[in-house]
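Chemist: Give me a model of this one.
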Amino acid sequence: MKNIFLIVFCLLVSTVWAKEEKNKRIQYCTTLEEAMQQAARKHKPIFFNCYAGWAGPSVLMDSVVLTDPDLVSFIQKHFVSLRVDMPKTQEGRKLAERYRVKFYAHYLILDEKGEIIHRISGGAKAPEFKEKLKAGLNPKTSLAGMTRHYEKGDRSFKFLAAYAGTLKTADENEKFQEVADYYLEHIDSAGLYLPQSWEILWNKGKRYDSEWFRFIYDHRNELVEKNGEKVLNFIVQVLFHQVYPYMMFEKVYDMDFISEIEQKAGHLEFTSLNRDQLLDMCKILHFRQQKKYSEMLDLWGKMVPNLPNEALKVRYDATLGRLQDMNETEKKQAIAYLKERMAGMTGSTLERYRQIVTELSDYQGIRFETGGLQEALAKARKENKAVFVDCYTSWCGPCKMMSSKVFPDKQAGDFFNPRFISLKIDMEKDEGKELAQKWNIRVFPTYLILDPQGEIVYTSQGYIPAEELIRRMNEGLEQWKNNIKTGK
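Modeler: Numbers count the residues shown, from 1 in each chain. The predicted structure follows:
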């Protein structure tokens with residue numbers, strides 16, 4: 001009898017637990033047809049989770065945000081829910097085309113006929129996401145409702161500012177530009193400083209070279225008075241995005257431009273860790289260009305560990321491996337810093353730091369210049385050498401294999417370093433775009449030998465083992481020498 005009681009009790013507990021677990025998760029339909037039928041029967045709109053298993057933001061939203069108990073309860077109460085893996089299934093691909101879903105995470109609110117009421121592009125924390133869903137439930141704040149209002153002729157500034165924000169949330173950029181341009185053209189100067197104008201202003205001013213960034217910077221005091229320090233933090237963010245490519249060797253050092261950014265950041269009259277770090281980055285770039293590596297590393301050790309983003313710290317630290325022209329004392333200083341950073345690290349991050357240390361301490365491969373093409377050519381003329389150019393892209397598998405397996409090879413280093421000024425150029429960034437067109441490069445990786453005047457002497461392509469690469473580049477060198485002899 002006791003055993004029967006225990007069995008019944010366990011079954012009851014497990015049933016209650018299963019119901020509680022079910023209530024913690026959104027109950028999804030699996031097809032649009034099913035969701036539309038339920039929506040018509042229950043008189044509810046459809047919450048459509050346009051899912052993509054390969055997209056990090058989409059996966060993160062599913063696992064962290066869309067499991068929040070309060071948000072789950074809200075969605076279950078107000079919506080019929082639909083979840084489709086858009087890129088994976090045939091139905092998903094058709095729906096992605098129908099609803100113009102190009103980026104993930106992406107969410108739609110549909111009516112019972114499958115028409116769009118509201119669109120949310122991108123993820124958010126649970127409370128913010130809930131507010132975005134609430135906006136979609138209200139005809140006065142939903143995308144469809146506000147669009148109807150706009151088409152009826154409402155051009156009041158308060159409405160336009162709110163509508164622009166909704167369009168931006170929906171990633172309706174073309175319509176956003178139309179509304180924002182009208183707003184900025186017609187509102188008076190005093191109105192530009194109001195909080196309702198700020199979202200339009202910062203969206204129009206995200207480009208450093210835009211007229212609206214110049215407006216924000218030049219009128220920062222008036223804007224701060226009405227909107228607070230977020231204005232200054234926005235300016236720092238825009239300036240940071242100008243400096244970052246230089247830190248990552250994606251752009252060739254430009255003293256005048258870096259000094260301009262440094263000056264603009266220095267004129268921001270507020271206390272901010274981000275501002276101070278931006279100024280430190282500018283100083284680091286100056287030190288790096290001047291090859292004052294000891295001073296650079298002193299500042300590096302104070303700045304990088306205090307960055308707010310761990311991935312950014314790793315990316316910055318990885319660039320130290322590019323500085324192969326440090327002397328032994330400077331290399332020891334860099335390695336000591338890296339080993340201090342490695343304390344407590346595990347997994348792939350630890351392996352990455354070990355690789356950087358190896359690059360600095362034991363690297364015997366091809367030494368690539370850290371400047372641009374013109375600097376490499378000037379050095380080649382001075383040392384009477386040819387220039388070896390690795391034309392690569394960041395997504396190219398064979399390019400990565402060359403960088404990890406062939407270029408670090410001692411045999412390759414022994415051959416290239418005395419004979420070439422070597423340079424890596426990303427063909428999809430900055431000067432690489434122009435050079436790819438000029439040199440007609442369409443296959444990656446492509447390797448060029450240039451004479452000191454920049455004329456192409458020899459070309460090769462694809463993944464090439466070290467011995468074969470040496471043979472081909474030696475062939476190219478002989479061709480260059482022969483050109484000199486024959487006066488070509």
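
Chemist: which regions of the stretch 1-150 of the chain lie under the pLDDT threshold?
Modeler: Within the stretch 1-150 of the chain, the segments meeting pLDDT under 70 span 1-23.

Chemist: all helices of it, in order?
Modeler: 2-23, 32-42, 56-60, 69-78, 90-98, 126-137, 143-151 (DSSP state H, counting those that start in this stretch).

Chemist: now for these, which one comes closest to residue 371?
Modeler: Comparison of the helices of the stretch 1-150 of the chain against residue 371 by Cβ to Cβ identifies helix 56-60 as nearest, at 34.1 Å. C-beta: built from backbone N, CA, C; applies to glycine.

Chemist: what residues does the closest one touch?
Modeler: 51-53, 104-106, 122-123 (Cβ atoms under 8 Å, 6 or more residues apart in numbering).

Chemist: Show me those that map onto strands.
Modeler: Of these, the ones assigned to strands by DSSP state E are 51, 106.

Chemist: so which of the helices of the stretch 1-150 of the chain gets nearest residue 331?
Modeler: Closest among the helices of the stretch 1-150 of the chain, using Cβ to Cβ: helix 56-60, at 35.6 Å.

Chemist: Report the buried residues of the closest one.
Modeler: 58-59 (16 or more other Cβ atoms under 10 Å).

Chemist: just to revisit the earlier point, counting neighbours, which of the contacts of helix 56-60 comes out on top?
Modeler: residue 106 (27 neighbours; other Cβ atoms under 10 Å).

Chemist: partners of that residue in the sheet?
Modeler: For residue 106, the beta-bridge assignment (DSSP bridges) gives partners residue 50, residue 121.

Chemist: got the contact list for it?
Modeler: Contacts of residue 106 by Cβ under 8 Å, 6+ apart are 50, 58, 86, 119-122.

Chemist: quick one: which of these is nearest to residue 349?
Modeler: residue 58 (24.1 Å).

Chemist: Kindly provide the distance from that closest one to residue 129.
Modeler: Distance, residue 58 to residue 129, by Cβ to Cβ, to the nearest Å: 13 Å.

Chemist: Please enumerate the shared neighbours of these two.
Modeler: Contact with both residue 58 and residue 129 is made by residues residue 123, according to Cβ under 8 Å, 6+ apart.

Chemist: CA-only coordinates of stretch 55-65 in CSV, if you can.
Modeler: Provided in CSV are the C-alpha atoms of stretch 55-65 (Å, rounded to 0.1, in the frame of the first residue of the first chain):
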residue,chain,number,x,y,z
ALA,A,55,23.2,33.4,-36.0
GLY,A,56,24.7,34.1,-32.5
PRO,A,57,22.2,36.9,-31.6
SER,A,58,19.2,34.7,-32.6
VAL,A,59,20.5,31.7,-30.5
LEU,A,60,21.3,34.0,-27.5
MET,A,61,17.8,35.5,-27.6
ASP,A,62,16.3,32.0,-27.7
SER,A,63,18.3,30.7,-24.8
VAL,A,64,18.5,33.8,-22.5
VAL,A,65,15.8,36.4,-23.3
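
Chemist: how distant is it from the center of its chain?
Modeler: Distance, stretch centre to chain centre, for stretch 55-65: 17 Å (Cα atoms, centre = their mean, to the nearest Å).

Chemist: hang on, the earlier thing: now for the contacts of helix 56-60: which two are most distant?
Modeler: Across the contacts of helix 56-60, no pair lies farther apart than 53 and 122, at 17.3 Å, counting by Cβ to Cβ.

Chemist: Can you tell me, leaving aside adjacent residues, what's nearest to residue 79?
Modeler: Computed as Cβ to Cβ, 6 or more residues apart in numbering, the closest residue to residue 79 that is not its neighbour in sequence is residue 47, at 3.8 Å.

Chemist: what does residue 388 give?
Modeler: Residue 388 sits nearest to residue 420 (Cβ to Cβ, 6+ apart), 4.1 Å away.

Chemist: That neighbour reaches residue 387, doesn't it?
Modeler: Yes: Residue 420 lies in contact with residue 387 (Cβ atoms under 8 Å); the separation is 6.5 Å.

Chemist: shared neighbours of these two, anything?
Modeler: Contacts common to residue 420 and residue 387, judged by Cβ under 8 Å, 6+ apart, are residue 449.

Chemist: That concludes my questions; thank you for your assistance.
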